[in-house]
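*Asks:* Build me a structure from this.
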Amino acid sequence: MSKLELRVFGPDPPCNRCKSALAVAEKVASRHPDVEVLHVNALSEEAQKYGFWMTPAIAVGDRLVC
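*Replies:* Here you go, the predicted model:
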């Protein structure tokens, strides 16, 4: 079974809001072993395909949810 990727987009190093979002994502992942949390730099090519305007932004799989 493949893991569900939970991506948290933000600057590198993360700002305080992004650190909070990462902490919540890690808490969710600790309760669900099939969830993998990834911190993605908001300026990366990967992040550009999601089209968000503010950080932190969160994607579950390939869908931007927040």
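
*Asks:* And the least confident helix or strand in the chain by mean pLDDT, what's buried?
*Replies:* Lowest by mean pLDDT, DSSP states H and E among the helices and strands of the chain is helix 45-48, with a mean of 93. Using 16 or more other C-beta atoms under 10 Å as the test for burial, helix 45-48 gives A47. Heads up, the C-betas are built off the backbone N, CA and C, glycines and all.

*Asks:* chain center to that helix, what's the gap?
*Replies:* 12 Å (C-alpha atoms, centre = their mean, to the nearest Å).

*Asks:* which regions of the protein lie under the pLDDT threshold?
*Replies:* 1 (pLDDT under 70).

*Asks:* Which residue ranges of it form helices?
*Replies:* 16-31, 45-48 (DSSP state H).

*Asks:* tell me the most buried of the ones you listed?
*Replies:* helix 16-31 (a mean of 14; mean count of other C-beta atoms under 10 Å).

*Asks:* thinking again about what came up before, got TSV for the helices of the chain, with distance to V8 too?
*Replies:* Shown next, in TSV, are the helices of the chain (distance: least, C-beta to C-beta, whole Å):
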stretch	distance to V8
helix 16-31	5
helix 45-48	11
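
*Asks:* mind checking which of those helices is nearest V60?
*Replies:* Closest of those to V60 is helix 16-31, at 9.8 Å (criterion: C-beta to C-beta).

*Asks:* list the contacts for the most centrally placed residue in the chain?
*Replies:* Centre of the chain computed as the mean C-alpha position; nearest residue by C-alpha atoms, centre = their mean is V8, 1.5 Å away. Taking C-beta atoms under 8 Å, 6 or more residues apart in numbering as the criterion, V8 is in contact with 18, 21-22, 25, 37-40, 56-58.

*Asks:* Max pairwise distance over these: which two?
*Replies:* Spatially, the most separated pair among those is V37 and A57, at 13.8 Å (C-beta to C-beta).

*Asks:* Please look at T55 and P11 and confirm they touch.
*Replies:* Yes: counting by C-beta atoms under 8 Å, P11 is a contact partner of T55 at 6.5 Å.

*Asks:* what residues are shared contacts of these two?
*Replies:* 18, 42.

*Asks:* quick one, which of those two is more surrounded?
*Replies:* Shown here are T55 and P11; by other C-beta atoms under 10 Å, T55 has more neighbours (19 against 12).
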